[in-house]
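>>> fold the following and give me the result.
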Amino acid sequence: MDNSKKQELLNACFAEFAQYGYDKANTNRICETAGVSKGLLFHYFGSKKNLYILCVEQCISDVLKLFDGFSTDGMSFGEAISAYGSRKLRFFEEHPLHYHLMIGAFMNTPDDVKAEFSVRYAELTAMSAEIITSLIQKLNLKPQVSKQAAMQLVSAVIGVLEQKYMPIILSRPMTDELYEQMKNEYLELMGFLLNGIAD
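All right, here's what the predicted structure looks like:
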(Lines give C-alpha, C1' and ligand atoms only; values in the text may rest on other atoms or scores of the structure.)
Protein backbone atom coordinates (compact mmCIF):
# COMPACT_ATOMS: atom_id res chain seq x y z
CA MET A 1 0.00 0.00 0.00
CA ASP A 2 1.54 3.32 -1.03
CA ASN A 3 1.76 6.23 1.40
CA SER A 4 -1.06 8.26 -0.15
CA LYS A 5 -3.49 5.34 0.02
CA LYS A 6 -2.40 4.59 3.58
CA GLN A 7 -3.07 8.21 4.53
CA GLU A 8 -6.52 8.06 2.92
CA LEU A 9 -7.24 4.97 4.99
CA LEU A 10 -6.04 6.61 8.21
CA ASN A 11 -8.14 9.69 7.45
CA ALA A 12 -11.18 7.45 7.02
CA CYS A 13 -10.36 5.71 10.31
CA PHE A 14 -10.03 9.04 12.13
CA ALA A 15 -13.43 10.16 10.87
CA GLU A 16 -15.10 6.84 11.68
CA PHE A 17 -13.72 6.47 15.20
CA ALA A 18 -14.29 10.14 16.01
CA GLN A 19 -17.95 9.94 14.99
CA TYR A 20 -18.91 6.47 16.20
CA GLY A 21 -16.36 5.58 18.87
CA TYR A 22 -14.50 2.29 19.02
CA ASP A 23 -17.40 -0.09 19.69
CA LYS A 24 -19.75 1.25 17.00
CA ALA A 25 -17.11 1.94 14.35
CA ASN A 26 -17.59 -0.16 11.23
CA THR A 27 -14.71 -1.39 9.08
CA ASN A 28 -17.05 -1.66 6.07
CA ARG A 29 -17.68 2.09 6.23
CA ILE A 30 -13.95 2.72 6.64
CA CYS A 31 -13.17 0.65 3.55
CA GLU A 32 -15.91 2.33 1.53
CA THR A 33 -14.72 5.82 2.49
CA ALA A 34 -11.07 5.01 1.78
CA GLY A 35 -11.80 3.03 -1.38
CA VAL A 36 -9.95 -0.11 -0.26
CA SER A 37 -11.04 -3.71 0.12
CA LYS A 38 -11.65 -5.19 3.54
CA GLY A 39 -9.08 -7.87 2.78
CA LEU A 40 -6.43 -5.24 2.12
CA LEU A 41 -7.30 -3.38 5.31
CA PHE A 42 -6.90 -6.44 7.49
CA HIS A 43 -3.81 -7.58 5.60
CA TYR A 44 -1.97 -4.39 6.55
CA PHE A 45 -3.50 -3.60 9.92
CA GLY A 46 -4.80 -6.88 11.27
CA SER A 47 -7.87 -5.74 13.19
CA LYS A 48 -10.15 -2.85 14.08
CA LYS A 49 -8.38 -2.70 17.43
CA ASN A 50 -5.01 -2.14 15.74
CA LEU A 51 -6.49 0.62 13.60
CA TYR A 52 -7.96 2.33 16.64
CA ILE A 53 -4.69 2.15 18.56
CA LEU A 54 -2.84 3.55 15.55
CA CYS A 55 -5.22 6.52 15.31
CA VAL A 56 -5.11 7.33 19.02
CA GLU A 57 -1.32 6.97 19.06
CA GLN A 58 -1.17 9.52 16.24
CA CYS A 59 -3.37 11.91 18.25
CA ILE A 60 -1.16 11.58 21.31
CA SER A 61 2.03 12.09 19.31
CA ASP A 62 0.60 15.21 17.68
CA VAL A 63 -0.38 16.73 21.05
CA LEU A 64 2.99 15.92 22.62
CA LYS A 65 4.70 17.47 19.60
CA LEU A 66 2.53 20.58 19.96
CA PHE A 67 3.97 21.30 23.40
CA ASP A 68 7.50 20.07 22.75
CA GLY A 69 9.70 23.03 23.63
CA PHE A 70 6.73 25.11 24.81
CA SER A 71 8.12 27.87 27.01
CA THR A 72 6.61 30.66 29.05
CA ASP A 73 9.93 32.32 29.88
CA GLY A 74 9.53 36.06 30.24
CA MET A 75 5.74 35.84 30.56
CA SER A 76 3.67 36.79 33.56
CA PHE A 77 1.42 34.13 35.07
CA GLY A 78 -1.60 35.57 33.25
CA GLU A 79 0.19 35.70 29.90
CA ALA A 80 1.50 32.17 30.38
CA ILE A 81 -1.85 30.65 31.29
CA SER A 82 -3.44 32.35 28.27
CA ALA A 83 -0.70 31.09 25.97
CA TYR A 84 -1.11 27.54 27.23
CA GLY A 85 -4.89 27.54 26.96
CA SER A 86 -5.05 29.18 23.55
CA ARG A 87 -2.43 26.87 22.06
CA LYS A 88 -4.41 23.81 23.12
CA LEU A 89 -7.77 25.20 22.00
CA ARG A 90 -6.46 26.40 18.65
CA PHE A 91 -4.93 22.97 18.00
CA PHE A 92 -8.23 21.20 18.57
CA GLU A 93 -10.03 23.82 16.49
CA GLU A 94 -7.76 22.86 13.59
CA HIS A 95 -7.91 19.13 14.41
CA PRO A 96 -11.44 18.43 15.70
CA LEU A 97 -11.19 14.70 15.00
CA HIS A 98 -8.23 14.52 17.38
CA TYR A 99 -10.38 15.98 20.14
CA HIS A 100 -13.27 13.56 19.64
CA LEU A 101 -10.94 10.59 19.35
CA MET A 102 -9.06 11.45 22.53
CA ILE A 103 -12.24 12.07 24.49
CA GLY A 104 -13.46 8.62 23.52
CA ALA A 105 -10.10 7.01 24.18
CA PHE A 106 -9.45 8.49 27.61
CA MET A 107 -12.82 9.48 29.07
CA ASN A 108 -14.63 6.30 27.98
CA THR A 109 -11.73 3.94 27.37
CA PRO A 110 -12.83 0.72 25.64
CA ASP A 111 -11.94 -2.35 27.70
CA ASP A 112 -10.04 -3.85 24.76
CA VAL A 113 -7.41 -1.11 24.78
CA LYS A 114 -7.10 0.00 28.42
CA ALA A 115 -3.72 -1.65 28.84
CA GLU A 116 -2.34 -0.14 25.63
CA PHE A 117 -3.44 3.40 26.51
CA SER A 118 -2.50 3.55 30.19
CA VAL A 119 1.17 4.36 29.56
CA ARG A 120 0.45 6.94 26.88
CA TYR A 121 -2.20 8.62 29.00
CA ALA A 122 0.41 8.89 31.75
CA GLU A 123 2.69 10.69 29.27
CA LEU A 124 0.01 13.28 28.51
CA THR A 125 -0.70 13.75 32.21
CA ALA A 126 2.99 14.22 32.95
CA MET A 127 3.32 16.80 30.17
CA SER A 128 0.37 18.81 31.50
CA ALA A 129 1.70 18.61 35.05
CA GLU A 130 5.11 19.85 33.92
CA ILE A 131 3.60 22.85 32.15
CA ILE A 132 1.30 23.75 35.04
CA THR A 133 4.23 23.41 37.46
CA SER A 134 6.14 25.95 35.37
CA LEU A 135 3.13 28.29 35.65
CA ILE A 136 2.89 27.85 39.42
CA GLN A 137 6.56 28.74 39.77
CA LYS A 138 5.73 32.23 38.53
CA LEU A 139 3.62 32.81 41.64
CA ASN A 140 4.68 33.85 45.11
CA LEU A 141 2.55 31.35 47.00
CA LYS A 142 1.40 31.99 50.53
CA PRO A 143 3.26 29.86 53.12
CA GLN A 144 0.17 27.78 53.86
CA VAL A 145 -0.45 26.95 50.18
CA SER A 146 1.44 23.96 48.82
CA LYS A 147 2.49 23.70 45.18
CA GLN A 148 0.40 20.55 44.91
CA ALA A 149 -2.75 22.33 46.08
CA ALA A 150 -2.05 25.25 43.73
CA MET A 151 -1.60 22.83 40.82
CA GLN A 152 -4.93 21.18 41.56
CA LEU A 153 -6.76 24.50 41.66
CA VAL A 154 -5.16 25.86 38.49
CA SER A 155 -5.81 22.56 36.69
CA ALA A 156 -9.45 22.64 37.80
CA VAL A 157 -9.98 26.16 36.43
CA ILE A 158 -8.31 25.23 33.14
CA GLY A 159 -10.53 22.16 32.92
CA VAL A 160 -13.71 24.18 33.47
CA LEU A 161 -12.79 26.67 30.75
CA GLU A 162 -11.81 23.95 28.29
CA GLN A 163 -15.15 22.23 28.85
CA LYS A 164 -16.92 25.52 28.15
CA TYR A 165 -15.00 26.66 25.09
CA MET A 166 -14.09 23.40 23.35
CA PRO A 167 -17.62 22.75 22.02
CA ILE A 168 -17.79 26.37 20.85
CA ILE A 169 -14.58 26.30 18.83
CA LEU A 170 -15.48 22.91 17.37
CA SER A 171 -18.72 24.37 16.01
CA ARG A 172 -17.39 27.63 14.53
CA PRO A 173 -14.06 29.28 13.64
CA MET A 174 -11.89 30.89 16.31
CA THR A 175 -12.33 34.63 15.70
CA ASP A 176 -10.29 37.39 17.33
CA GLU A 177 -13.38 38.32 19.32
CA LEU A 178 -13.83 34.78 20.63
CA TYR A 179 -10.14 34.54 21.45
CA GLU A 180 -10.28 37.77 23.46
CA GLN A 181 -13.40 36.58 25.27
CA MET A 182 -11.71 33.32 26.16
CA LYS A 183 -8.50 35.05 27.22
CA ASN A 184 -10.34 37.55 29.41
CA GLU A 185 -12.30 34.80 31.12
CA TYR A 186 -9.09 32.88 31.77
CA LEU A 187 -7.60 35.98 33.38
CA GLU A 188 -10.76 36.80 35.33
CA LEU A 189 -11.09 33.34 36.84
CA MET A 190 -7.39 33.10 37.57
CA GLY A 191 -7.64 36.52 39.23
CA PHE A 192 -10.41 35.21 41.47
CA LEU A 193 -8.24 32.21 42.25
CA LEU A 194 -5.22 34.32 43.15
CA ASN A 195 -7.01 37.11 45.01
CA GLY A 196 -10.03 35.35 46.48
CA ILE A 197 -13.73 35.99 45.88
CA ALA A 198 -14.73 37.45 49.23
CA ASP A 199 -13.69 40.40 51.39
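
>>> every contact and neighbour count from this point should use C-alpha atoms.
Will do.

>>> give me phi/psi at N140?
Backbone torsions of N140, given as degrees, to the nearest 10, read phi -100, psi 90.

>>> give me the neighbour count for it.
Other residues lying near N140 total 8 when counted by other CA atoms under 10 Å.

>>> now do H98
H98 has 24 nearby residues by other CA under 10 Å.

>>> contact partners for it?
By CA atoms under 8 Å, 6 or more residues apart in numbering, the contact set of H98 is F14, A18, C59, F92.

>>> now do the helices in this protein.
3-24, 27-34, 38-45, 48-66, 77-94, 96-107, 114-136, 147-171, 176-195 (DSSP state H).

>>> redo those as CSV? Include mean pLDDT.
Shown next, in CSV, are the helices of the chain (pLDDT from 0 to 100):
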stretch, mean pLDDT
helix 3-24, 89
helix 27-34, 93
helix 38-45, 88
helix 48-66, 92
helix 77-94, 86
helix 96-107, 87
helix 114-136, 87
helix 147-171, 86
helix 176-195, 85
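
>>> sorry, back to before: okay, the contacts of H98 in CSV with neighbour count and distance to V119 next?
Formatted as CSV, the contacts of H98 follow (neighbours: other CA atoms under 10 Å; distance: CA to CA, whole Å):
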residue, neighbour count, distance to V119
F14, 24, 21
A18, 22, 21
C59, 19, 14
F92, 18, 22
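
>>> generate TSV for those residues, with distance to D176 as supplementary columns.
As requested, the contacts of H98 are exported to TSV (distance: CA to CA, whole Å):
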residue	distance to D176
F14	29
A18	28
C59	26
F92	16
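
>>> ok, those residues vs Q137, which is closest?
Lowest distance from Q137 to those (CA to CA) belongs to F92, with 26.9 Å.

>>> tell me if I'm right that that closest one and L101 touch.
No - the criterion here is CA atoms under 8 Å, and F92 misses it with L101 at 11.0 Å.

>>> okay, which residue is most central for this structure?
Y99 (5.6 Å; CA atoms, centre = their mean).

>>> show me the contacts for the nearest residue to it once chain neighbours are set aside.
Excluding its sequence neighbours, the residue lying closest to Y99 (CA to CA, 6 or more residues apart in numbering) is F92, at 5.9 Å. Applying CA under 8 Å, 6+ apart to F92 gives the contacts H98, Y99, M166, L170.

>>> farthest pair within those?
Checking the contacts of F92 with CA to CA, the most distant pair is H98 and M166, at 12.2 Å.
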